[in-house]
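A.B. asks: Here is my input; please provide its structure:
(2 chains)
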Amino acid sequence: MIKDITIGQYFPGKSFIHNLDARFKIILTVAFLVLVFLCKNFWALGVVWVFGVVIYLLSRLPVKLILKSFKPLIPIILLTTVLQLHYINDGNVLFEWRFILITDKGIFTAIFIAARILLLLLVSSLLTYTTAPTDLTDAIEKLLSPLKIFKIEVHTFAMMMTIALRFIPTLIDEIDRIMSAQKARGADFESGNLINRIKALLPIFVPLFISAFKRAIELADAMSCRCYTGGDNRTRMRQMKISWRDIIASVVTVLIIGGVMALNILFENLI
Amino acid sequence: MSVISVKNLIYGYSKGTPFEKGALKGVSVDFRQGEIVALIGHTGSGKSTLLQHLNGLLKPDSGDVLFEGKSIYESKKSLRDCRFNVGLCFQYPEQQLFESTVYKDIAFGPTNMKLSDDEIKKRVYDSIKYVGLSADYLEKSPFDLSGGEKRRVAIAGVIAMEPKVLILDEPTAGLDPLGKNNLLKLIKDYNEKTGNTVIFVSHNMDDVAAVAHRVIVLSDGELALQGTVDEVYSQGEKLAGLGLDVPEITSVFIELKKAGFDLGDTEYTINGAKEAIIASLMKGGAV
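C.D. replies: Numbering: from 1, shown residues only, chains lettered A, B, ... in the order given. Here you go, the predicted model:
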């Protein structure tokens, strides 16, 4: 059910990817996303795909589970593919019926875009799959710390993110529990028209909001009881260190960016 | 006659993930018409998981749940019928309240059953009486009530569906002694007046002794012991091995017997024990 969605979840592990410094992982993920957009033909995209698959293999995540969690995204990818097919009208016409016009270039572009979206989703979810939420927020805080000169409270922001991430699984459990309780009273979430289905959510959301507010108040009390003030002078229990892994990962990424640019120049561009 | 029977139930959580764990490892058990059954076992023994199979909220990996002889997983309809016939009240049920008035909240279940307005009204009034609150409460907001009152309203919401089997997951958790006693009395009354089966989970062996006809002990996803209160509680050592205690008064009783007092059968309630001790003392001529 709702627990099958694993995107955003953290899978503990000890792989090469897990052990990368979180700051590097964020920067390299961003670089990878840019890389996906840099690709202008199938050769370049192919190389990036291979790179992506290799990273996944390195992370040693359970493949079956990853595939399962991408199942709900298939309709979105299909929809964009179909729209692409429809809107690209140049190239050789393969099929024409009333307003539907399909060209070979349309098909190629559609496949290209679908491959691109899938890769974007895979790589961006890898970041949260392999990085503990606390490491992630620590890294974001470090990366955003230059913003302090604009008087932005980076620490508070990072704390808010940590708390939000921390409570996602708790809230999911809570939704599960409330849904079960209402189902036991005969609530039906799966049938009826749109309005009925939205109405059926009310018995879940009211108790959920009440308990979320309660939790927030309790947490705030607990934090002030321990004299939490936040601010700049807090030290960390775990210091982040750059290791040989981070250097290797960065070098490989830079090389692949170079490779993709070369392939873009060498071959005919699709987009 | 058995109302619900569970056949060789196996269920695991989070299959295929690093968080996988088995919750039920082949449990078979019968619940008979008109009895009060207590389900005990320490945290993580699979009690709540078992309960959620009894009304089809969870689907077992293998095994079956039969309601009045028919599998509840047969069709969508059999599953829905089972939801209404087996009323499950979760732990801390007060957290499921959502409506603007107590009346509407109790009416949620009966409304889902598509009953007539008159019938719903009758059931709401009946069930609020059952849980020992006056009809004045019906127009209040459930969020203005005290914790114990909220819990009773939530239980009324399940009772209003008039289930043939009422299941309560730790109904007394977090209640004060008075609230606890009221709730145990409610369980007994409901069972006696309607003749319906009641199944409840408890950590408190005194509570169990006070109301249950039969006790089922789960341990690590398996059935460890079952039988009448006498049969189960007389195996004090085995219970201790499962991380459970016999009621305090019972351990006092057993020690007294060891010390040579002629007390007859072992007692599990304070009143019973008092009678037995007085009787024994009278017999011995001490008083």
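A.B. asks: what's near enough to touch the closest residue to B:N182 other than its chain neighbours?
C.D. replies: Closest residue to B:N182 apart from its sequence neighbours, by Cβ to Cβ, 6 or more residues apart in numbering or on different chains: B:G132 at 6.1 Å. All C-beta spots, glycine's among them, are computed from the backbone N, C-alpha and C. Contact partners of B:G132, counting by Cβ atoms under 8 Å, 6 or more residues apart in numbering or on different chains, are B:152, B:182, B:186.
A.B. asks: is it true that the last one touches B:I155?
C.D. replies: What it means is B:L186. Yes: contact criterion Cβ atoms under 8 Å: B:L186 and B:I155 qualify, at 7.4 Å.
A.B. asks: Between these two, tell me which one has more neighbours.
C.D. replies: The residue with more neighbours, out of B:L186 and B:I155, is B:I155; 25 against 21, by other Cβ atoms under 10 Å in any protein chain shown.
A.B. asks: Could you measure from that one over to A:N269?
C.D. replies: Separation of B:I155 from A:N269 (Cβ to Cβ, to the nearest Å): 68 Å.
A.B. asks: Chain B contacts on chain A?
C.D. replies: A:3, A:6, A:11-13, A:62, A:64-65, A:68, A:177-178, A:180-188, A:202-203, A:206-207, A:210-211 (Cβ under 8 Å from any Cβ of the partner chain).
A.B. asks: one step back: just confirm the residue nearest to B:N182 is within a strand.
C.D. replies: No: with DSSP: H, G, I helix; E, B strand; the rest coil as the criterion, B:G132 is coil rather than part of a strand.
A.B. asks: Now do it, the pLDDT please.
C.D. replies: The model reports B:G132 with a pLDDT of 86.
A.B. asks: Over to A:M1?
C.D. replies: For A:M1, pLDDT reads 46.
A.B. asks: Over to A:L38?
C.D. replies: Value for A:L38, per-residue pLDDT: 87.
A.B. asks: Check B:T17 too.
C.D. replies: pLDDT recorded at B:T17 is 59.
A.B. asks: In chain B, what residue spans correspond to helices?
C.D. replies: Ranges of helices in chain B, per DSSP state H, are B:47-54, B:76-85, B:102-112, B:117-130, B:147-159, B:177-194, B:205-211, B:229-233, B:236-241, B:248-258, B:270-283.
A.B. asks: Relative to A:I102, which of those helices is closest?
C.D. replies: helix B:76-85 (40.3 Å; Cβ to Cβ).
A.B. asks: Would you check how far apart the residue nearest to B:N182 and B:G148 are?
C.D. replies: 10 Å.
A.B. asks: what does B:K258 give?
C.D. replies: 40 Å.
A.B. asks: before we move on, what about B:T266?
C.D. replies: From B:T266 over to B:G148 (counting by Cβ to Cβ), the distance is 33 Å.
A.B. asks: do the same with A:G52
C.D. replies: For A:G52 relative to B:G148 (Cβ to Cβ), the value is 57 Å.
A.B. asks: what does the stretch 101-250 of chain B put close to chain A?
C.D. replies: The interface of the stretch 101-250 of chain B toward chain A, taken as Cβ under 8 Å from any Cβ, is made up of B:108-109, B:112-113, B:143, B:157-158, B:161.
A.B. asks: So of those residues, which two are at opposite extremes in space?
C.D. replies: Greatest spacing in these, by Cβ to Cβ: B:M113 and B:F143 (25.1 Å).
A.B. asks: Of these two, which one has the most company?
C.D. replies: B:M113 (17 against 13).
A.B. asks: For whichever residue of chain B sits closest to chain A, which non-adjacent residue is closest in space?
C.D. replies: Nearest residue of chain B to chain A: B:N112, at 3.2 Å (Cβ to the nearest Cβ). Closest residue in space to B:N112, ignoring its immediate chain neighbours: A:G186 at 3.2 Å, by Cβ to Cβ, 6+ apart.
A.B. asks: Would you map the helices across chain A?
C.D. replies: Remark: helices assigned in chain A by DSSP H are A:22-38, A:42-59, A:63-70, A:74-87, A:104-130, A:133-144, A:154-184, A:194-225, A:244-266.
A.B. asks: rank these by mean pLDDT and give me the bottom one.
C.D. replies: When I compare those, helix A:63-70 is least confident, with a mean of 76.
A.B. asks: Using CSV, write down the CA coordinates of it.
C.D. replies: C-alpha atoms of helix A:63-70 as CSV (Å, rounded to 0.1, in the frame of the first residue of the first chain):
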residue,chain,number,x,y,z
VAL,A,63,16.9,-3.9,-7.6
LYS,A,64,13.4,-5.5,-7.3
LEU,A,65,12.4,-2.9,-4.7
ILE,A,66,13.6,0.0,-6.8
LEU,A,67,11.7,-1.2,-9.8
LYS,A,68,8.6,-1.6,-7.7
SER,A,69,8.8,1.9,-6.4
PHE,A,70,9.0,3.3,-9.9
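A.B. asks: tell me the pLDDT at the closest residue to B:E139 other than its chain neighbours?
C.D. replies: The shortest distance from B:E139 to any non-neighbouring residue, by Cβ to Cβ, 6+ apart, is to B:T101 (5.7 Å). For B:T101, the pLDDT comes out at 93.
A.B. asks: surely B:T101 meets B:Y137?
C.D. replies: No: applying Cβ under 8 Å as the test, B:T101 and B:Y137 come out as separate, 9.3 Å apart.
A.B. asks: So these two - more neighbours on which side?
C.D. replies: Using other Cβ under 10 Å, the more surrounded residue of B:T101 and B:Y137 is B:Y137, with 20 against 14.
A.B. asks: How about the contacts made by that one?
C.D. replies: B:Y137 makes contacts with B:102, B:128, B:145, B:149, B:153, as judged by Cβ under 8 Å, 6+ apart.
A.B. asks: Turn those into TSV, including neighbour count.
C.D. replies: What follows is those, written out as TSV (neighbours: other Cβ atoms under 10 Å in any protein chain shown):
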residue	neighbour count
B:V102	28
B:I128	24
B:L145	18
B:E149	19
B:V153	26
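A.B. asks: Backbone dihedrals for whatever residue of chain A ends up closest to chain B, both of them.
C.D. replies: Ranked by Cβ to the nearest Cβ, the top residue of chain A for proximity to chain B is A:G186, at 3.2 Å. Backbone geometry at A:G186, expressed as degrees, to the nearest 10, gives phi 90, psi 10.
A.B. asks: ditto for the one 3 residues further on
C.D. replies: Reported as degrees, to the nearest 10, the phi and psi values for A:F189 are phi -100, psi -10.
A.B. asks: How about it: what's its closest non-neighbour residue?
C.D. replies: Closest to A:F189 by Cβ to Cβ, 6+ apart is A:A200, at 5.2 Å.
A.B. asks: Domains in the chain, by residue range?
C.D. replies: I went with chain A, as the question did not name one. A:1-132+A:241-271, A:154-230 (automatic domain parsing).
A.B. asks: ah, no, chain B please
C.D. replies: Using automatic domain parsing, chain B is parsed into the domains B:2-244, B:247-287.
A.B. asks: Point out where the stretch 151-287 of chain B drops to low pLDDT.
C.D. replies: In the predicted model, the stretch 151-287 of chain B carries pLDDT under 70 at residues B:265, B:285-287.
A.B. asks: now the residue nearest in space to the middle of chain B, which residues is it bridged with?
C.D. replies: Central residue of chain B (Cα atoms, centre = their mean): B:F200, 0.8 Å from the mean position. B:F200 has these beta-bridge partners by DSSP bridges: B:A38, B:L168.
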